[in-house]
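*Asks:* Okay, predicted coordinates and the sequence, questions at the end:
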Amino acid sequence: MDARISKMMEKIRKGEEFCVYESIEAYQYMREIAGKCFVYNSLNPETQAEEQLQLLKKLFKKTGDFLMIMPPFHCTIGAGIEVGENFICNAGVTMQDLGGIKIGDNAMIAPGVSINSTGHVSDWKKRIQGWSYAHPITIGNNVFIGANATICCSQSRGLRIGDNVVIGAGSVVTKDIPDNVLVAGNPCRIIRKLEK
């Protein structure tokens with residue numbers, strides 16, 4: 001982990017709120033990551049696929065051997081993202097990963113999905129001062145997330161999505177989801193159980 005964000009990440013690990021304005025170095029680091037995302041999104045997937053792959057493997061904390069992310073893709077620090085084997089992610093996906101985003105094997109993410117392990121506090125006086133929170137999001141194996149779904153941790157805790165889950169397009173997920181279910185809606189709810 002880069003030393004410029006170590007103080008902020010220590011607060012996050014302890015479950016504490018942090019102020020995004022308290023460190024110009026942390027802000028500069030996140031701008032550098034935005035620059036790496038810009039480079040990734042500028043590469044030609046047909047002729048520069050290997051360069052894209054190597055950039056992702058350096059950016060993420062952990063990857064499997066095979067991963068495919070269609071540009072454009074955006075993340076906050078990259079080092080908070082872990083993905084398993086056979087990870088497929090379509091275009092226009094955003095991962096705010098300060099709280100950590102861990103995704104299992106055989107995950108498929110459709111276009112326009114937003115996974116947010118970070119949020120701003122509800123107290124407006126603190127919010128305009130830059131106070132935020134971050135909690136981990138864990139997504140199991142064999143999960144499919146439909147187009148334009150939004151996954152958010154809460155101000156008080158993280159979020160877990162089980163194995164073999166299908167999340168319908170446009171869903172808003174703010175609570176844990178058990179294994180082997182189809183979920184959809186805003187707020188997201190269980191539609192039916194799926195075979196194991």
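*Replies:* Good, I have the coordinates.

*Asks:* so how many other residues sit close to N44?
*Replies:* 10 (other C-beta atoms under 10 Å). Glycine gets a C-beta too; all of them are placed from N, C-alpha and C.

*Asks:* quick one: terminal-to-terminal distance for stretch 145-157?
*Replies:* With C-alpha to C-alpha, to the nearest Å applied, stretch 145-157 spans 21 Å between its terminal residues.

*Asks:* which parts of that stretch are buried?
*Replies:* The neighbour-count criterion (16 or more other C-beta atoms under 10 Å) identifies 145-146, 149-153 as the buried residues of stretch 145-157.

*Asks:* Identify the bridge partners of the residue nearest the centre of the chain.
*Replies:* Nearest to the mean C-alpha position of the chain, counting by C-alpha atoms, centre = their mean, stands M95 at 3.2 Å. In this entry, M95 is beta-bridged to C75, I115, by DSSP bridges.

*Asks:* can you pull the contacts of it?
*Replies:* 73-76, 81, 101, 115, 117 (C-beta atoms under 8 Å, 6 or more residues apart in numbering).

*Asks:* swap the cut-off to 7 Å and go again
*Replies:* If you count contacts by C-beta atoms under 7 Å, 6 or more residues apart in numbering, M95 has them with 75, 81, 101, 115.

*Asks:* before we move on, what about E46?
*Replies:* Going by C-beta under 7 Å, 6+ apart, E46 touches no other residue.

*Asks:* Backbone dihedrals for it, please?
*Replies:* Here is the backbone geometry of E46 (degrees, to the nearest 10): phi -80, psi -40.

*Asks:* What of N41?
*Replies:* Per-residue torsions, N41: phi -70, psi -20 (degrees, to the nearest 10).

*Asks:* No more questions from me, cheers.
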